[in-house]
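K.L.:
fold the following, please.
(4 chains)
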There are 2 protein chains.
Amino acid sequence: MSTPEVGTAEDAGTPVSSATGRPLTKRGEATRRRLLEAAETVFAAQGYHEASIVRITERAGIGLGTFYLYFDSKQSIFEALVIDLNRRVRHSMSEAMAGASSRLEAERAGFAGFFRFTAAHPALYRVVREAEFVSPEMLRLHYTRIVEGYEAGLRAAQQVGDVDRMLDPTVTAWALMGTGELVGMRFLLWERDADGRPPAELDAEVFDGLMRFIDNALAPRAGREGTAS
Amino acid sequence: MSTPEVGTAEDAGTPVSSATGRPLTKRGEATRRRLLEAAETVFAAQGYHEASIVRITERAGIGLGTFYLYFDSKQSIFEALVIDLNRRVRHSMSEAMAGASSRLEAERAGFAGFFRFTAAHPALYRVVREAEFVSPEMLRLHYTRIVEGYEAGLRAAQQVGDVDRMLDPTVTAWALMGTGELVGMRFLLWERDADGRPPAELDAEVFDGLMRFIDNALAPRAGREGTAS
DNA sequence: CCATTACCTGAATCACGTTTCATGTACGCG
DNA sequence: CGCGTACATGAAACGTGATTCAGGTAATGG
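P.N.:
Residues are numbered from 1 along each chain as shown, chains lettered A, B, ... in the order given. This next block holds a predicted model:
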């Protein structure tokens, strides 16, 4: 796989005040960050509608009114948060895939990265999903960015004959995305040990089962194209 | 495939008043139904939080206070609605799979049924997804019921050698569920023609691409188990 | 035709949370 | 040190909408 990056790269942009003009300003940038961090915790714990700005500012140790110096609205900070999370998931996946040398290995690594992130931040992933109802465009952005990179990887692998050339890269990418999504939801987010704690990582058997499924799906069909590993 | 049913069967139950004791009562049952229908429309259009009880009762042509004679709360009617929708999706799938004679055919039909429902009621499917945040247990119920039937079908097909025996039926069922889910979301719910209307059915190419993916995934690997069609 | 039960009603209650605003406080530069 | 800009604050204004309540109205049985 020649495209270990997942999704397009994009700058973090320079934070700007939502109220006054634009520029940032040292002290303010710190405050803004604290608000985002607090928002992450609160939204993850209570969900968008239950969460309140007051709780966010309290947690950030900041005055209520200050909030509106950095974000236009509750929805606005939520969107900023989703973008941030998206960047982090992709990073987790790219990082995991970095060292892979074969398609299968990259596939495994990519999913492992995704599951690792989900397992590490179960509540955060919930936030992303809630975006569907709070800010649909953000959800689209999230999925689209991930799929883009995935699709590129598939095309490259098809060139080399590592992946069934009859597969439509786009559809396949979305199919894989959905696969990871639901399997993660079922076996990571829903799974709880006796103490109600979610598992630290996806059960090995489940992971292997999933990889068998994916490998089957992508492998060139016998009797056709060469280079099947 | 010997198990065309999708999910467990369950009775619709006899509607009961939430306020007073239990029994139903002709006239009341009709009112209850009207409320549910109105709720379906309103929740689908506005989403849970935007929707208001007043709008629902208005649409149902019923007094505001009357609502609480039939449902304990806003959440309560929402849950009733999800259960109802779940029954309908499964019915759509079962019906579609009914005539199938081969595994591949059944698979195709099942997905087609699912997509047909989604295409016919785009907003309704959104309601089901929103359940994750309004009433998590309902979402679990929804997915679990569908997967149960799916898993049974896979096991049966494995017995006959129609499906790779190395696949874990449970994991595979969830993987397929996710596949249908995201592909449906991307190519049905997000797709709009020039007038902003969603497509009446999944694009044939996309559907074929998906089936190729699924067929690959499930087919017994060459050189192993017999009976591969 | 009169009870009695089963249904119906919408104004008023109550809680809650976003956003605004009038008023400070901190910091950096000349 | 003194001023101007950037940043901070929380009380109050507003909106909103779920839920309750104090009473009606229709239908059934005797």
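
K.L.:
below-threshold pLDDT in chain A: ranges please.
P.N.:
Residues of chain A meeting the criterion pLDDT under 70: A:1-24, A:222-229.

K.L.:
quick one: the strands in it?
P.N.:
Shown for chain A, no strands are assigned by DSSP state E.

K.L.:
residues in it within reach of DNA strand C, list them.
P.N.:
Proximity of chain A to DNA strand C, by Cβ under 7 Å from any atom of the strand, involves residues A:26-27, A:50-54, A:64-65, A:67-68, A:73-75. Just so you know, the C-beta spots here come from the backbone N, C-alpha and C atoms, and that holds for glycine as well.

K.L.:
could you dump the residues you listed into a markdown table with distance to A:V147 and neighbour count added?
P.N.:
As requested, these are arranged in a markdown table below (distance: Cβ to Cβ, whole Å; neighbours: other Cβ atoms under 10 Å in any protein chain shown):
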| residue | distance to A:V147 | neighbour count |
| --- | --- | --- |
| A:K26 | 38 | 6 |
| A:R27 | 39 | 8 |
| A:E50 | 30 | 11 |
| A:A51 | 29 | 21 |
| A:S52 | 34 | 13 |
| A:I53 | 33 | 17 |
| A:V54 | 37 | 11 |
| A:L64 | 39 | 12 |
| A:G65 | 40 | 8 |
| A:F67 | 34 | 23 |
| A:Y68 | 35 | 14 |
| A:S73 | 29 | 12 |
| A:K74 | 28 | 18 |
| A:Q75 | 24 | 13 |
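
K.L.:
return only those of these found close to DNA strand D.
P.N.:
Answer for the residues of chain A next to DNA strand C near DNA strand D (Cβ under 7 Å from any atom of the strand): A:26-27, A:64-65.

K.L.:
closest one of those residues to B:F111?
P.N.:
Set against B:F111, the nearest of those by Cβ to Cβ is A:L64 (50.1 Å).

K.L.:
how close does that closest one sit to A:Q46?
P.N.:
Distance of A:L64 to A:Q46, given as Cβ to Cβ, to the nearest Å: 17 Å.

K.L.:
got it, and A:Q159?
P.N.:
Separation of A:Q159 from A:Q46 (Cβ to Cβ): 47 Å.

K.L.:
how many neighbours does A:T66 have?
P.N.:
Close neighbours of A:T66, defined as other Cβ atoms under 10 Å in any protein chain shown, add up to 15.

K.L.:
and the most centrally placed residue in chain A, what does it touch?
P.N.:
Centroid-nearest residue in chain A: A:V89, 3.6 Å away (criterion: Cα atoms, centre = their mean). Listed by Cβ atoms under 8 Å, 6 or more residues apart in numbering or on different chains, the contact set of A:V89 reads A:114, A:117, A:128, A:146.

K.L.:
picking up where we left off before, could you identify the most distant pair in the residues of chain A next to DNA strand C?
P.N.:
It's A:K26 and A:E50 that sit farthest apart of these, by Cβ to Cβ, at 33.5 Å.

K.L.:
surely A:A109 meets A:S102?
P.N.:
No: using Cβ atoms under 8 Å, A:A109 makes no contact with A:S102, being 10.1 Å away.

K.L.:
who has more neighbours, these two?
P.N.:
More crowded of A:A109 and A:S102, by other Cβ under 10 Å: A:A109, with 20 against 12.

K.L.:
still on that earlier bit, which one of the contacts of A:V89 sits closest to DNA strand D?
P.N.:
Among the contacts of A:V89, A:V128 lies closest to DNA strand D (Cβ to the nearest atom of the strand), at 25.5 Å.

K.L.:
can you tell me how far the closest one sits from A:V89?
P.N.:
8 Å.

K.L.:
quick revisit: of the contacts of A:V89 - the most surrounded one?
P.N.:
Top of the contacts of A:V89 by neighbour count (other Cβ under 10 Å): A:F114, with 24 neighbours.

K.L.:
roughly how far apart are that one and DNA strand C?
P.N.:
Applying Cβ to the nearest atom of the strand, to the nearest Å, the value for A:F114 to DNA strand C is 31 Å.

K.L.:
which stretches of chain A form helices?
P.N.:
When secondary structure is read from DSSP state H, chain A shows helices at A:27-46, A:53-60, A:67-70, A:74-97, A:103-120, A:122-134, A:136-160, A:169-184, A:204-218.

K.L.:
just those: most buried one?
P.N.:
Highest mean neighbour count among the helices of chain A (mean count of other Cβ atoms under 10 Å in any protein chain shown): helix A:169-184, with a mean of 24.

K.L.:
give me the angle between that helix and helix A:103-120.
P.N.:
Direction vectors for helix A:169-184 and helix A:103-120, defined by axes from the mean of the first three to the mean of the last three Cα atoms, to 10 degrees, enclose an angle of 40 degrees.

K.L.:
can I get helix A:169-184 as PDB, trimmed to CA atoms?
P.N.:
The C-alpha trace of helix A:169-184 is given here as PDB (Å, rounded to 0.1, in the frame of the first residue of the first chain):
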ATOM      1  CA  PRO A 169     -13.200   1.200  -4.700                       C
ATOM      2  CA  THR A 170     -15.700   3.800  -3.500                       C
ATOM      3  CA  VAL A 171     -18.400   1.400  -2.600                       C
ATOM      4  CA  THR A 172     -15.900  -0.900  -1.000                       C
ATOM      5  CA  ALA A 173     -14.400   1.900   1.100                       C
ATOM      6  CA  TRP A 174     -17.800   2.800   2.500                       C
ATOM      7  CA  ALA A 175     -18.600  -0.800   3.100                       C
ATOM      8  CA  LEU A 176     -15.400  -1.300   5.100                       C
ATOM      9  CA  MET A 177     -16.100   1.900   7.000                       C
ATOM     10  CA  GLY A 178     -19.500   0.600   8.000                       C
ATOM     11  CA  THR A 179     -18.000  -2.700   8.900                       C
ATOM     12  CA  GLY A 180     -15.500  -1.200  11.300                       C
ATOM     13  CA  GLU A 181     -18.200   1.100  12.600                       C
ATOM     14  CA  LEU A 182     -20.700  -1.400  13.600                       C
ATOM     15  CA  VAL A 183     -18.300  -4.000  14.800                       C
ATOM     16  CA  GLY A 184     -16.600  -1.400  16.900                       C
END
